[in-house]
Each structure stands twice: as C-alpha cells, then as structure tokens.
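K.L.:
The following block contains a protein sequence and its predicted model.
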Amino acid sequence: MFRVDHVYLSDDIATAQFACNLTACKGTCCVRGDAGAPVRRQETAVLRKAWELLKDELRPRAREVVAEKGLIWGEGTDMELACTDGAECVFVQYDDAGIALCGIHKAAMEGRIGWPKPVSCHLFPLRIIESGAIDYVNFEYIPEMCSPACDHAKANGIFLAEYLKDALVRRYGEIWYDTFLEICHTIRQEKGIPV
C-alpha cells in the first residue's frame, strides 16, 4: 500500500495494466454487479438533471424502476444509482452492436450535458472507501469484467494509473495526480517493470 496525501492506495494500482475495450467486454461494468454505482452527495442534483434530460431516451424498464423506487437509493454516504432488476444501471443505453453505454457519458460527448458521469463510474475499476478524512482505494479486479481491459492494456502497454488520469484528476486534482504518478513510476522501477 502507498499513500498520497490523505489517500491510501493498493500497490497493484501502480503496476496493473488496464484500458477499457468495449468491443470485447460489451460494457459489462454498467450491467453487472450486486448494487448500483456509488453516488456522492454532491452528485445527486446533477444526476437528477441528467435523468430529466435523458429519461425519454432510456429503456422503458429504467423509467418504470425510477418511477417506482426513485433514481438514487440509500442516503448519506451509502447512496447508489438505481438498477433495473438488480443488474443494469438505469442510464444504460445499447448501441447497434449490443454494447452497453452510459447515457450520461454519451450526452456529455454530444455536448448536451457538461458532466461526464458519476465519479465512481469514471474511476472503475478503482473503488474508494471513505473513512472520515481518509480514502482507501483498491483495484477491484473482477476477472469476467476486467480481463478484456487487462488484455487490451497489456497488448498496448497501458497502465491503469495513466489510463484513469482524467478520473483521478477529477476526484483529487492535478497536483495530487502528478505526485501519485511519480510514486507509481517508482514502484514500477523497484519491481523491474518498464515505466
């Protein structure tokens, strides 16, 4: 484990190779799991605005679930996005190839919304546990979900730490990220992994 300011990170974050490969995984991180994506309190208002903007474009079952149970489940530090039937995020849209895409991210790429998606989604496969003023960050490797991304990254020489730059800067800032990346490079060098 290594530390950058108030954030403790598992060593494998420095050495893992990971880069999404939607063609291979079909967006499985948006449709599998035992709970919805974790949501931070400061994200709830923008998620509600995104829902109002996008709901007519989303799946009928997603609209039913949100009408019945709400968009965000839980409260306080234990909030998550609603899922349909314990699986798909309510913001999932499918393309013609059957790949699950985030409706929020798609709208952001089209310039219709100025927010990419919940930070927990942006950071996947990293998971953060907040404990007071300390964050603990782990690489949540789930073979059936992460193997295509790991294989793709290994074939292209992409490390998780660099791949998630935008998400990590979004969460912790540019100065934090620069320090984090220096430490990742040092860990790789110590382990004999080319930087």
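P.N.:
Perfect, thanks for sending it.
K.L.:
Please name every helix or strand in contact with the least confident helix or strand in the chain by mean pLDDT.
P.N.:
Here the helix or strand of the chain ranked lowest by mean pLDDT, DSSP states H and E is helix 22-25, holding a mean of 87. Secondary-structure packing of helix 22-25 (3 or more C-beta pairs under 8 Å, 6 or more residues apart in numbering; DSSP states H and E): helix 143-156. Backbone N, C-alpha and C define where each C-beta goes, glycine included.
K.L.:
repeat that for 10 Å
P.N.:
Counting contacts by 3 or more C-beta pairs under 10 Å, 6 or more residues apart in numbering; DSSP states H and E, helix 22-25 packs against strand 100-102, helix 143-156.
K.L.:
Please identify the helix or strand for the residue lying closest to residue 8 once chain neighbours are set aside.
P.N.:
Of all residues not flanking residue 8 in the chain, residue 136 sits nearest, at 5.1 Å (C-beta to C-beta, 6 or more residues apart in numbering). Residue 136 belongs to strand 134-139 when assigned by DSSP states H and E.
K.L.:
List the strands paired with that strand, with their directions.
P.N.:
Sheet partners assigned to strand 134-139 using DSSP bridges are listed as strand 7-9 (parallel), strand 126-131 (antiparallel).
K.L.:
So residue 12 sits against residue 146, correct?
P.N.:
No - assessed by C-beta atoms under 10 Å, residue 12 is found out of contact with residue 146, at 11.7 Å.
K.L.:
Name the residues contacting each of the two.
P.N.:
When contacts are counted by C-beta atoms under 10 Å, 6 or more residues apart in numbering, residue 12 and residue 146 have 139, 160 as shared neighbours.
K.L.:
Compare neighbour counts for the two and give me the winner.
P.N.:
Counted by other C-beta atoms under 10 Å, residue 12 and residue 146 do not tie: residue 146 has more neighbours, with 22 against 13.
K.L.:
leaving aside the residues next to it on the chain, what's closest to the more buried one?
P.N.:
Ranked by C-beta to C-beta, 6+ apart and with sequence neighbours excluded, the top spatial neighbour of residue 146 is residue 125, at 5.6 Å.
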